[in-house]
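Visitor: Dropping the sequence and predicted coords here.
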Protein chains: 2
Amino acid sequence: MSRKFYSKEHLHFLLYDVHHVEQLLKIDRFKDHDVSSFNLFLDATEDLCKEHFLPIFTEMDRNEPQVVNGRIKVHPNMRPIMRMLGDGGWISCGASYAHGGNQLPTTIMMATSFIMGCANYSVTAFPGLTMGAAHLIESFGSDALKHTYIPKMFSGEWQGTMALTEPGAGSSLTDVVTSATPTEEGYYLIKGQKIFISCGDSDAVDNVIHLMLARIEGSPAGTKGISLFVVPRERITENGLESNDVLTGGIFHKMGYMGAPIAHIIMGEHNNCRGYLVGEANKGLSYMFQMMNEARISVGLHATSISTAAYYAALQYTRERLQGRPVTEKDPLKPQIPIVQHADVRRMLLFQKSFVEAALSLELQCCIYEDIQKNTEGETSEKYKLMLELLTPIAKSWPAETSILSTSQAVQCLGGYGFTKDFPLEQYFRETRIHAIHEGTTAIHGMDLLGRKVMMGGGKAVMYLMQEVMGDIAQAKKYEHLKSYAEVLEQKLGQVQELTMKLFGVASKEGPVVFLSDATLYLELFGLLIGGWQWIKIGHVAAAKLLTNPNDKFLEAKATMVGYFFEYEIPKTEGLFKRLNSDTRITTVLDEEYLD
Amino acid sequence: MSRKFYSKEHLHFLLYDVHHVEQLLKIDRFKDHDVSSFNLFLDATEDLCKEHFLPIFTEMDRNEPQVVNGRIKVHPNMRPIMRMLGDGGWISCGASYAHGGNQLPTTIMMATSFIMGCANYSVTAFPGLTMGAAHLIESFGSDALKHTYIPKMFSGEWQGTMALTEPGAGSSLTDVVTSATPTEEGYYLIKGQKIFISCGDSDAVDNVIHLMLARIEGSPAGTKGISLFVVPRERITENGLESNDVLTGGIFHKMGYMGAPIAHIIMGEHNNCRGYLVGEANKGLSYMFQMMNEARISVGLHATSISTAAYYAALQYTRERLQGRPVTEKDPLKPQIPIVQHADVRRMLLFQKSFVEAALSLELQCCIYEDIQKNTEGETSEKYKLMLELLTPIAKSWPAETSILSTSQAVQCLGGYGFTKDFPLEQYFRETRIHAIHEGTTAIHGMDLLGRKVMMGGGKAVMYLMQEVMGDIAQAKKYEHLKSYAEVLEQKLGQVQELTMKLFGVASKEGPVVFLSDATLYLELFGLLIGGWQWIKIGHVAAAKLLTNPNDKFLEAKATMVGYFFEYEIPKTEGLFKRLNSDTRITTVLDEEYLD
């Protein structure tokens, strides 16, 4: 398989020129690394993807996992792939030396995950969840838990999961009812059911380690009574692995990313399911948020990775497919032209490219913030933490929502063929649809942004972020071709601030229901402007570099992308401002019978 | 199966209150009908759908057609269903008495097709294509062709198709190369290949009658040398049916509407495929346009029907699914509420409902225009023909594009379940994706609208349509709750006229390539405003009727829908105006290497 599935050049440009990942080398934790070790790891990832991930992209879709004798059977290559990911250090790369890791920055770890997602998102889910679950044990678990579980997870022998969702508690974690009964031996007896557990069971691994939310008997109601447990599928005994009374109730058949199973699991049917408390009782949700916040960045990243792969597949097709003639050519005997020459096809391609390049930049930006906040202290740490928290709902949802449109335009570039299974586009379109749903639906992130994040730290999160953005605007204004766009962004950021103030006025006058009723649209608006920020940033970096690298097509292209984004995408904010500034209430005063 | 899949009340309201389909009864062709005969037929359609279409909706998706011994095997129920549709008069209903039809207005025929599409779009494709192909023979074929083919097509024994697309000529019909060699016996020998032929072969029928575009040897190049042929899969001889050298080369596996096969067919492998010229040589494209224009309305209608079914499935779920509590409720012991009570879920539902109801109204509006233009003469006929021509690209593409978003929001309403095959939403999302592609991609309709239709008849088409719209605006202004929205529409229509003038200036200054470069966005803008027109129209009709039917929830609801559409959808025109009025060129000056 030799088709292009991502742009190495753009990834490196973002890492080194735009976000200066090398700045992290000054941090003690990362001091053993250097740019060339980063690049070696990235190159190894690309090789792995070409050899092992991409070739089974279609197969994994056509041969959905099935339950066979109570165990979920996945693609046979997943077992060797998990070992390779373990042996090659991909699963452990971000962990501490003390736990067998390589202390790579999150930014580089996520860059490898991006490459993997471009090649095959389903495969990527297995190590991604294992990594997240292991990091959670690393951060909050006892030494015994770390010792028992982390090595086998990092080696790819055992799968990790995040087990939150229940049949009666989807988005509402308040309503988790899985119970944990303390025993004298120190472990808890777990009873309940979890649904939609990604990689919740599979024959690619010898064990599955669930990081599970449950309620210890007698705990307070609501989220304050939720604890975090390690619940292994197989219990570790002196005689080896033994059933821990965790049953696979079934798998959910779904429309996309078929290769990764989503399981229904049942704990404690025989009252013999042991769970091991992580950290303190009743603090489960706050622990889980570490994994969830990472997972949210990862969701945005993978909405981007799928859309990136779709873009390059569409681009290749539009360059090869001959169809039609220039609008001005009336002679039917003249040869047909590649469809990439049609203006509307280019518009569709530029939409995709301008989205995926800015979205990747945003995700890496968040990763850098994460690396800084985790490895510094005091005000610096607080500043980056606040900015990361503010950006997280946007970094999750803007790519997740836009990827639906982006992969759809990729399908459209192929016309009828886009709808068929002869090309991978329809699969990308199906796969990416999950991202606006899992790790919190878009609506939840809208409420998180408007209801919590914009006022976080007494407004400090927004203040810090605006300083960053204004810095990039100032840089961009130095270049003639960027100046007007930088001014547009500046002006619109001012309008967002006015809008936000207005909405806080609504909150006090009309209450929180009305205040939050269009939070999803507020999130969409914010997302577009954050996308615009990334382009302004990329734009001035490319412009500066172009001074010493004249005629470099790669750098020149960035100016065109800025232009596209500000000419075609940023105008979409106009309608959103219009609606969000309106005082007419529709959804909050609706008579439900009107929906009949 | 008892789930609601469309709103009978809304359909009847549109037919009788909004569009006054009874006005057609004054036309001689329709004089034997009355409202009760229309309703009987509509009711019979609903019964048929409940009993036969809806129950196999999922099955048809899970058991894709396959080629078995050179014949495409479809769902076994399709054969009896085609006979029922034949015997019950559904396939022939719009045809003349002379050809065994029932002379029903197109409007009623399309209303039945809408109901069918809501129940099962795949099934609907079989009779729909047969109907269209038979009407083409009826309009342009010789008596011999009519006599030979029409009865068996109307009885549902033979399938009809439209066979245009070729491997090297997708959107570009200019490049059709299938050849037709005249013979002394009067028939032509056909040689070539066609792809993406919906229902191009199946074991549900005894024969397939292709209405096929081909080029008679020696004809002029381009579209002026294309002729229309009847090419049966089996030739009709004294001894019954005999192979006509039409082979099934394969089927395309696709992402949605799996139940209806899309075939690759090969004609004349053994130089023995006979085709029969329809009408005059080299006029094929103009004949085909009759079917294509009908088919385009049908595509818009079915994008609407799929989205309608998705809406009602989503609505039902949101009323049953308990999740979360009001934003103001902090007590986790209080019961969870149905998610339909959350403002953002309502926003998603109102988006879908406001789209599907306006889109259905638009399609029926077009059908009424079609019925009037076909059955009147002189200026009246010209007026309705021009308005229909102008509306066709919008009636095709606005619903086709919006249905992608609408079914996506329906998926979103179900959260994780929306992504699974436990519910029908993901299937609707996959199925409707074809509509922006087949019968001309959205880009082609954009160019048709801006490049041809807005200046059609020297601008008369637009003038006639604006008179209609202004009439509705005037009516709406009489009602306090509609007045401001009517004014917004009026103002925006003025802006569209200014924009159009500006774009014609661009055409003369910068040429047709630049002029048409954003035609897709122009189409999107026009579509939103036409949607707004339908709501203004529905709004004033409902308001008037409410005066004599106070507290009628169904009628009251329409005012809320108008409000939603003008508060949330019409603002999207702002960004489109912004872009379309910009003088900055991006796509037309692009260096292709920038796309790497």
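Guide: Happy to help now that I have it.
Visitor: ok, now which ones touch the nearest residue to A:Thr560 once chain neighbours are set aside?
Guide: Closest residue to A:Thr560 apart from its sequence neighbours, by CB to CB, 6 or more residues apart in numbering or on different chains: B:Tyr594 at 5.1 Å. (Each C-beta comes from the backbone N, C-alpha and C, glycine too.) Counting by CB atoms under 8 Å, 6 or more residues apart in numbering or on different chains, B:Tyr594 touches A:Lys553, A:Glu556, A:Ala557, A:Thr560, A:Met561.
Visitor: quick check, nearest of these to chain B?
Guide: Distance to chain B across the contacts of B:Tyr594 (CB to the nearest CB) is lowest for A:Ala557, with 3.6 Å.
Visitor: Let me see the backbone angles for the residue nearest to A:Thr560.
Guide: Taking degrees, to the nearest 10, you get phi -60, psi -20 for the backbone angles of B:Tyr594.
Visitor: Can you give me the neighbour number for A:Glu51?
Guide: 12 (other CB atoms under 10 Å in any protein chain shown).
Visitor: and what of the one 10 residues further on?
Guide: Taking other CB under 10 Å as the neighbour definition, A:Asp61 ends up with a count of 21.
Visitor: now A:Gly563
Guide: Residues near A:Gly563, counting by other CB under 10 Å: 22.
Visitor: picking up where we left off before, just send the contacts of B:Tyr594 back as TSV, with pLDDT, secondary structure and neighbour count too.
Guide: What follows is the contacts of B:Tyr594, written out as TSV (pLDDT from 0 to 100; DSSP: H, G, I helix; E, B strand; the rest coil; neighbours: other CB atoms under 10 Å in any protein chain shown):
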residue	pLDDT	secondary structure	neighbour count
A:Lys553	97	helix	10
A:Glu556	98	helix	17
A:Ala557	98	helix	20
A:Thr560	98	helix	20
A:Met561	98	helix	22
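Visitor: got a list of what the closest residue to A:Tyr97 other than its chain neighbours touches?
Guide: In space, and not counting its chain neighbours, A:Tyr97 is closest to A:Gln103: 5.9 Å by CB to CB, 6+ apart. Contact partners of A:Gln103, counting by CB under 8 Å, 6+ apart, are A:Arg29, A:Phe30, A:Asp32, A:His33, A:Gly94, A:Ala95, A:Ser96, A:Tyr97.
Visitor: Could I get the pLDDT score of A:Gln103?
Guide: The model reports A:Gln103 with a pLDDT of 97.
Visitor: A strand includes it, no?
Guide: No. Assigned with DSSP: H, G, I helix; E, B strand; the rest coil, A:Gln103 falls outside any strand and is coil.
Visitor: Could you check which helix or strand contains the residue most central in space within chain A?
Guide: Central residue of chain A (CA atoms, centre = their mean): A:Val299, 1.8 Å from the mean position. Assigned by DSSP states H and E, A:Val299 belongs to helix A:284-320.
Visitor: just for chain A, where's the confidence low?
Guide: A:1, A:170 (pLDDT under 70).
Visitor: Could you spell out which stretches of it belong to which domain?
Guide: Listed by automatic domain parsing, the domain ranges of chain A are A:1-440, A:442-585.
Visitor: Show the end-to-end separation of the shortest one, please.
Guide: It stands for domain A:442-585. 21 Å (CA to CA, to the nearest Å).
Visitor: and it, how far out from the chain's middle?
Guide: For domain A:442-585, the gap between its own C-alpha mean and the chain's C-alpha mean amounts to 20 Å (CA atoms, centre = their mean, to the nearest Å).
Visitor: picking that back up, if any of the contacts of A:Gln103 are buried, put those into a ChimeraX selection.
Guide: Only the buried entries of the contacts of A:Gln103 go into this ChimeraX selection, using 16 or more other CB atoms under 10 Å in any protein chain shown:
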select /A:30,33,94,95
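Visitor: Among the contacts of A:Gln103, which one sits closest to chain B?
Guide: A:Gly94 (27.6 Å).
Visitor: Would you confirm that the closest one contacts A:Gly132?
Guide: No. Between A:Gly94 and A:Gly132 there is no contact under CB atoms under 8 Å: 10.0 Å.
Visitor: List the buried residues of the helix holding A:Val299.
Guide: A:284-285, A:287-288, A:291-315, A:317-318.
Visitor: cool, and stretch A:507-516?
Guide: Buried-residue list, stretch A:507-516, by 16+ other CB under 10 Å: A:Ala507, A:Val513, A:Val514, A:Phe515, A:Leu516.
Visitor: Now tabulate the residues you listed in TSV and tack on secondary structure and distance to chain B.
Guide: Conversion of the buried residues of stretch A:507-516 to TSV gives the following (DSSP: H, G, I helix; E, B strand; the rest coil; distance: CB to the nearest CB, whole Å):
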residue	secondary structure	distance to chain B
A:Ala507	helix	11
A:Val513	helix	5
A:Val514	helix	8
A:Phe515	helix	8
A:Leu516	helix	6
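Visitor: what two of the residues you listed are the furthest from one another?
Guide: A:Ala507 and A:Val513 (9.7 Å; CB to CB).
Visitor: What is the burial count for A:Tyr6?
Guide: By other CB under 10 Å, neighbour count at A:Tyr6 equals 23.
Visitor: separation between it and chain B?
Guide: 12 Å (CB to the nearest CB, to the nearest Å).
Visitor: tell me the secondary structure for that residue?
Guide: coil.
Visitor: Identify the residue spatially nearest to it, adjacent ones excluded.
Guide: A:Tyr6's closest residue in space is A:Cys118 (CB to CB, 6+ apart), at 4.0 Å.
Visitor: Now do the helix or strand hosting that neighbour and helix A:284-320, the angle between them.
Guide: Using DSSP H and E, A:Cys118 sits within helix A:106-119. Relative orientation of helix A:106-119 versus helix A:284-320 (axes from the mean of the first three to the mean of the last three CA atoms, to 10 degrees): 50 degrees.
Visitor: Say whether chain B is contacted by the following helix or strand past helix A:106-119.
Guide: Sequence order places helix A:121-140 as the next helix or strand after helix A:106-119, per DSSP H and E. No. For helix A:121-140 and chain B, the contact criterion (CB under 8 Å from any CB of the partner chain) is not met; the two come no nearer than 13.7 Å.
Visitor: go on, stretch A:550-558?
Guide: Yes. Using CB under 8 Å from any CB, stretch A:550-558 comes into contact with chain B via A:Lys553, A:Phe554, A:Glu556, A:Ala557.
Visitor: How many neighbouring residues does A:Ser36 have?
Guide: Number of residues near A:Ser36 (other CB under 10 Å) recorded here: 8.
Visitor: Mind checking what secondary structure it has?
Guide: helix.
Visitor: In contact with A:Lys4, which residues?
Guide: By CB under 8 Å, 6+ apart, the neighbours of A:Lys4 are A:Tyr312, A:Gln316.
Visitor: Could you pull up phi and psi at it?
Guide: Torsion angles, degrees, to the nearest 10, at A:Lys4: phi -70, psi 130.
Visitor: Repeat that for A:Tyr428.
Guide: Torsion angles, degrees, to the nearest 10, at A:Tyr428: phi -60, psi -40.
Visitor: Might you report the residue contacts of it?
Guide: Contacts of A:Tyr428 by CB under 8 Å, 6+ apart are A:Ile306, A:Ser307, A:Ala309, A:Ala310, A:Ala313, A:Thr407, A:Ala410.
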